[in-house]
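J.: Output the structure for:
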Amino acid sequence: MASTFPFAAIVGQDDMTLAIQVVAIDPSIGGVLVLGDRGTGKSTAVRALADLLPPIRVVKGCPFRCDPEHPAASCEHCNTGAKRLPSETRPVNVVDLPLGATEDRVVGALDLEKALSQGVKQFAPGLLAQAHRGFLYIDEVNLLDDHLVDLLIDVAASGENLVEREGLSVRHPARFVLVGSGNPEEGELRPQLLDRFGLCVQVQTPQDLALRVEVVKRRDAFEKDPDAFRATWQADNDRLQKRILKARKLLDQVVVSDAMLTLCARLCQQLGTDGLRAELTLLRAMRALAAMQGSKTVKPEHLQTVAPLALRHRLRRNPLDDSDASTRVQRGLQDVLAA
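T.: Prediction:
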């Protein structure tokens, strides 16, 4: 943890830090895609996500981090019908998926060391197993190989990973929140993968001089003494984590009225989004934001805040309108709120 820049110390990228906190409150929103200039703190913010996440209970010794409270949704070793499984507390994983990773490294494969030394066929879990009940982070996600994109789409949709290798057949749960970052100048994402991200954030290099100076000072202080810098910000990180926990407990009590759902539907209809995933994402994101602010009622201002994050990557290109996606969403918001 000492090598991770503290989340509370990130400054100048409000949309990005807000989106990450909202997804930490309700992972069912579907993850975050962060696009923008190089050197704007995209990967720094994602890797600092672990600061916000309270530890979870897992089945003791399970390589797939199964939930002892839900054995029916566990791996074959944990789904034994036992009423109570031994458990332990572990931190939530934020797992990096390197661009050059092989398919076996991602999904898992035969444990060659045990096969050669002991003649035993045993499964060696991959990155998807490590990411179960956590977060899977892909830097430069727009450069990911197509076959890995297909694999991730399948697993994200089904919530489980099926591996058949060298006479092994293993099925294990793989429910994770997908987080990606990249520079759109280096290539576009495939629409199928783009649709798997609940929220999308556009980050830019700060233009305020005082802000730029503050970012540089904090980064320099962190690199000189990471432990001391993290200690300075520990209390702020703890407050953020408590805020996330409190919001999670409040989430089920937040009321979303039919009037607010109608506003969401009208906005999505006006912008021409495909399917109903946009409305569902808006609903969950508004509810999480309201819970984060301690409100039990979703209000129009919550919609105004989350709509650009939830919709900008779902808009079709319009040859008659060269405005950027965020501007189009804001225009749509003005229209539906004024009606």
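
J.: in the helix or strand that contains residue 152, what counts as buried?
T.: Assigned by DSSP states H and E, residue 152 belongs to helix 146-158. Buried residues in helix 146-158, counting neighbours by 16 or more other Cβ atoms under 10 Å, are found at 148, 149, 151, 152, 153, 155, 156. Every C-beta, even on glycine, is put in place using the N, C-alpha and C of the backbone.

J.: mean confidence for that helix?
T.: The average pLDDT for helix 146-158 rounds to 88.

J.: so what does that helix touch, helix or strand wise?
T.: helix 103-107, helix 191-194 (3 or more Cβ pairs under 8 Å, 6 or more residues apart in numbering; DSSP states H and E).

J.: possible to save those helices as a markdown table with distance to residue 308?
T.: Formatted as a markdown table, the helices and strands packed on helix 146-158 follow (distance: least, Cβ to Cβ, whole Å):
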| stretch | distance to residue 308 |
| --- | --- |
| helix 103-107 | 32 |
| helix 191-194 | 16 |
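
J.: Highest mean neighbour count out of those helices?
T.: Mean neighbour count, computed with mean count of other Cβ atoms under 10 Å, is highest for helix 103-107 among the helices and strands packed on helix 146-158, reaching a mean of 18.

J.: what sits up against it?
T.: 97, 126, 127, 128, 147, 148, 151, 161, 163, 165 (Cβ atoms under 8 Å, 6 or more residues apart in numbering).

J.: Now do the same for residue 108: its pLDDT.
T.: Reported pLDDT for residue 108: 86.

J.: contacting residues around it?
T.: Residues counted as contacts of residue 108 (Cβ under 8 Å, 6+ apart) are 123, 124, 125, 126, 128, 129, 161, 163, 165, 170.

J.: Please render those as a markdown table that adds distance to residue 190, neighbour count and secondary structure to the earlier fields.
T.: Below are these laid out as a markdown table (distance: Cβ to Cβ, whole Å; neighbours: other Cβ atoms under 10 Å; DSSP: H, G, I helix; E, B strand; the rest coil):
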| residue | distance to residue 190 | neighbour count | secondary structure |
| --- | --- | --- | --- |
| 123 | 29 | 18 | strand |
| 124 | 29 | 20 | strand |
| 125 | 27 | 22 | strand |
| 126 | 22 | 23 | coil |
| 128 | 19 | 27 | helix |
| 129 | 25 | 26 | helix |
| 161 | 20 | 25 | strand |
| 163 | 23 | 21 | strand |
| 165 | 26 | 16 | strand |
| 170 | 28 | 21 | strand |
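
J.: between those residues, which is closest to residue 31?
T.: For the contacts of residue 108, the closest approach to residue 31 (Cβ to Cβ) belongs to residue 128, at 14.5 Å.

J.: Verify the contact between the closest one and residue 155 for me.
T.: Yes. Here residue 128 reaches residue 155: they are 6.1 Å apart, a contact under Cβ atoms under 8 Å.

J.: mean pLDDT lowest for which of the helices and strands packed on helix 146-158?
T.: helix 191-194 (a mean of 84).

J.: So which other helices or strands are in contact with it?
T.: By 3+ Cβ pairs under 8 Å, 6+ apart, helix 191-194 packs against helix 146-158.

J.: Provide the contact partners of the helix it packs on at residue level.
T.: When contacts are defined by Cβ under 8 Å, 6+ apart, helix 146-158 is touched by residues 97, 101, 103, 106-107, 128, 136, 144, 161, 174, 176, 178, 190, 192-193, 196.

J.: One more: stretch 92-99?
T.: 46-47, 49-50, 53-56, 65, 106, 127, 130-131, 133-140, 143-145, 148, 176, 179.

J.: Throw together a ChimeraX command that grabs the buried residues out of those.
T.: Typed into ChimeraX, the next command selects the buried ones out of these (criterion: 16+ other Cβ under 10 Å):
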select :46,47,49,50,53,56,65,106,127,130,131,133,134,135,136,137,138,139,140,144,148,176,179
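
J.: Restricted to helices, list the contacts of stretch 92-99.
T.: In this view, the contacts of stretch 92-99 that belong to helices under DSSP state H are 46, 47, 106, 127, 130, 131, 148.

J.: Surely residue 34 forms part of a strand?
T.: Yes. Under DSSP: H, G, I helix; E, B strand; the rest coil, residue 34 sits within a strand.
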